[in-house]
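Engineer: Kindly return the folded structure for what I paste below:
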Amino acid sequence: MDANNQSQGGKELAERIQTVRGEPAHRFEVYDHDFEVTHRFPKASDAAAKADEFGSTRFQHRDADGTVKQVDKVDGQWYVRNDPTPFGQGNQQPPTAADKPLASVQAEIDRDALRSIEIRAEQRAAVGQGVDAETDREMATIDAHAFRRIEDKNVQESAAVEMANNAREFPQYKDGLDKAIPGYPGTAEKVYALDAAHDEK
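Structural biologist: Here you go, the predicted model:
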């Protein structure tokens, strides 16, 4: 790739990253009625565990497009409702064909998060030296957030391999990954550990 194409590719990657930063991300929200606090989680299992801790049979899922859907526990199983249901009644209604088991919604989130990491990695590799340091650091932060949304261990490992490869290839990406999400330390360490485990297989 010549210098002009590298520069253009770098601009396109930077624009892609800024677009992603401006979009709402998948998240799950559990409301604590006692303290009037909303707890936010990137993964379904964490939200379900917190709801169980509170004795709640309902929480919310905010989709990537910003849509809010109710998650209800019906006969011991969690379902993401396709249509809104009245509070206090939704979890008593059996799931419809349009409602989805929470596990299948999480599996979709896992696939989407991994694919987004892979697409950015492919674009970054194609650009080569035509990326500024800040774009590499921003990309690492976005990848770290996507990684935290993945629940399946095999999908996590695939994402970690992509991210660790980026960190080895691009020093500013590594710097961004090592400092990403300071409120949730250990993201980079988990990425590197999963990558090392993959190499040992």
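
Engineer: ok, and the closest non-adjacent residue to A160?
Structural biologist: L194 (3.7 Å; C-beta to C-beta, 6 or more residues apart in numbering). The C-beta positions use only the backbone N, C-alpha and C, and glycine is treated the same way.

Engineer: And the one you found, which helix or strand is it part of?
Structural biologist: Using DSSP states H and E, the element containing L194 is helix 187-200.

Engineer: Now that helix - C-alpha only, CSV.
Structural biologist: Taking Å, rounded to 0.1, in the frame of the first residue of the first chain, the C-alpha atoms of helix 187-200 are listed here in CSV:
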residue,chain,number,x,y,z
THR,A,187,-8.6,-6.5,30.9
ALA,A,188,-5.2,-6.4,29.2
GLU,A,189,-3.9,-9.1,31.5
LYS,A,190,-6.8,-11.4,30.7
VAL,A,191,-6.2,-10.8,26.9
TYR,A,192,-2.6,-11.7,27.2
ALA,A,193,-3.3,-14.8,29.4
LEU,A,194,-5.9,-16.1,27.0
ASP,A,195,-3.5,-15.5,24.1
ALA,A,196,-0.7,-17.4,25.9
ALA,A,197,-3.1,-20.3,26.7
HIS,A,198,-4.0,-20.4,23.0
ASP,A,199,-0.3,-20.6,22.0
GLU,A,200,0.2,-23.6,24.4
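
Engineer: next one: it to chain centre, how far?
Structural biologist: Averaged C-alpha coordinates place helix 187-200 at 18 Å from its chain's average position (C-alpha atoms, centre = their mean, to the nearest Å).

Engineer: Report all helices and strands that it contacts.
Structural biologist: Helices and strands touching helix 187-200, by 3 or more C-beta pairs under 8 Å, 6 or more residues apart in numbering; DSSP states H and E, are helix 133-148, helix 153-169, helix 171-179.

Engineer: Nice, that's everything, thank you.
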